[in-house]
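Participant: here is the input, now give the coordinates:
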Amino acid sequence: MRTSIADIRAAYRRGERVPMITAYDYTSAQLVERAGVPMILVGDSLGMVVQGHDSTLPVTVDDMVYHTRAVVRGCATPLVVADLPFMTYATETDALRHGARLLAEGGATSVKLEGGRPVAPTVRRLVAAGLPVMGHLGFTPQSVNQIGMRVQAKESLAARGLVEDALALQDAGAWAVVLELIPAPLAAEVTARLDIPTIGIGAGPGCSGEVQVWHDLLGLFTDFVPRHTRRYRTLGEEVVGGLQAYAEDVRSGVFPTEANSAGMDPEVLAEALAGLDRPARHQA
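Facilitator: Prediction:
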């Protein structure tokens, strides 16, 4: 049975910290489930780590539906949250239409959107329509051209505003809030003031849980290493080594072998080729 929002709330009330990780396809979702991670984020970060863009901005709703559907097919137990991409919730009507697609077509349990008080009415409308919402504050990647890729809310006015944003999202019905790239003491204070889980990323250990990007944790994305992550494996190097070994075996004739091939009755082959001329090999 798939983990529900009620299950996450129960874990939160018990004081259990909740791990979450991104996944973007069937195979990675299978592995996340085998690892026992209860929540998956199908993040618009796929624009960078899957599609090769330099930001999340080019990601479309069609992209998100496609990847969410693949993730949902790959796992039976994790709760799946899908990002609403850039400018897809500029109006409440847009948010309802696109959010409904992520749940109905993609199979997600919840959507996630960025922003605080300005988007609170949209959050309230989505929740009223039956679409669970996870909020996202601090560094909001869809606003990278305005705020830059750096730690947010370091000054008192901005920090106070972030607290007020978090409370507004809670009041609007968000069931959890991601806190990204904010000072750890501020994240701990926000967490203490809310009655819903906070999911940190670059926000210190005081949040209710943590989310990280699959490719960062496993060493698969090598363009840069974010300060807020930890390399638990260096699979990128393992993959390169494996591919180099494969290529060398092909060049040398070591692979494939008879064990990797299907046989054929010589008489059947001879019958199939009877009367056919064998063309001469092309000579350079």
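
Participant: every contact and neighbour count from this point should use C-alpha atoms.
Facilitator: OK.

Participant: my read: Val213 touches Met20, true?
Facilitator: No: counting by C-alpha atoms under 8 Å, Val213 stays clear of Met20, with 9.1 Å between them.

Participant: which of those two has more neighbours?
Facilitator: Set Val213 next to Met20 and count neighbours by other C-alpha atoms under 10 Å: Met20 wins out with 24 against 20.

Participant: who does that one bridge with?
Facilitator: Here Met20 sits in beta bridges with Met39, Val211, going by DSSP bridges.

Participant: so it versus Asp94, what's the distance?
Facilitator: Note on Met20: its distance to Asp94, by C-alpha to C-alpha, to the nearest Å, is 27 Å.

Participant: can you tell me the SS state at Val177?
Facilitator: Per DSSP: H, G, I helix; E, B strand; the rest coil, the local secondary structure of Val177 is strand.

Participant: repeat for the one 5 residues further on
Facilitator: When the structure is split into helix, strand and coil by three-state DSSP, Ile182 lands in coil.

Participant: please apply the same query to Ala70.
Facilitator: Secondary structure, three-state DSSP: Ala70 is helix.

Participant: equivalent analysis for Val81, please.
Facilitator: Strictly by three-state DSSP, Val81 counts as strand.

Participant: isn't it right next to Val42, touching?
Facilitator: Yes: using C-alpha under 8 Å, Val81 makes contact with Val42 at a distance of 6.1 Å.

Participant: just the strands in the stretch 101-250 of the chain please.
Facilitator: Applying DSSP state E, counting those that start in this stretch to the stretch 101-250 of the chain gives strands spanning 110-112, 133-138, 176-180, 198-201, 209-212.

Participant: right, and the ones you listed - which one's nearest Gly52?
Facilitator: When these are compared by C-alpha to C-alpha, strand 209-212 sits nearest Gly52, at 18.2 Å.

Participant: CA atoms only: put the closest one into CSV for me.
Facilitator: Taking C-alpha atoms only, strand 209-212 is exported to CSV below (Å, rounded to 0.1, in the frame of the first residue of the first chain):
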residue,chain,number,x,y,z
GLY,A,209,12.8,15.6,7.2
GLU,A,210,15.3,16.0,4.3
VAL,A,211,15.1,15.8,0.5
GLN,A,212,18.1,15.4,-1.7
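
Participant: okay, Val81 and Val42: which has more neighbours?
Facilitator: More crowded of Val81 and Val42, by other C-alpha under 10 Å: Val42, with 30 against 25.

Participant: what about the spatially closest residue to the more buried one that is not a sequence neighbour, how many neighbours?
Facilitator: With C-alpha to C-alpha, 6 or more residues apart in numbering as the criterion, Val42 has its nearest non-adjacent residue at 4.7 Å, and that residue is Ala82. By the measure other C-alpha under 10 Å, the count of residues near Ala82 is 28.

Participant: next up, the contacts around Gly173.
Facilitator: Neighbouring residues of Gly173 by C-alpha atoms under 8 Å, 6 or more residues apart in numbering: 123-124, 127, 133.

Participant: hmm, try it at 7 Å
Facilitator: 123-124, 127 (C-alpha atoms under 7 Å, 6 or more residues apart in numbering).
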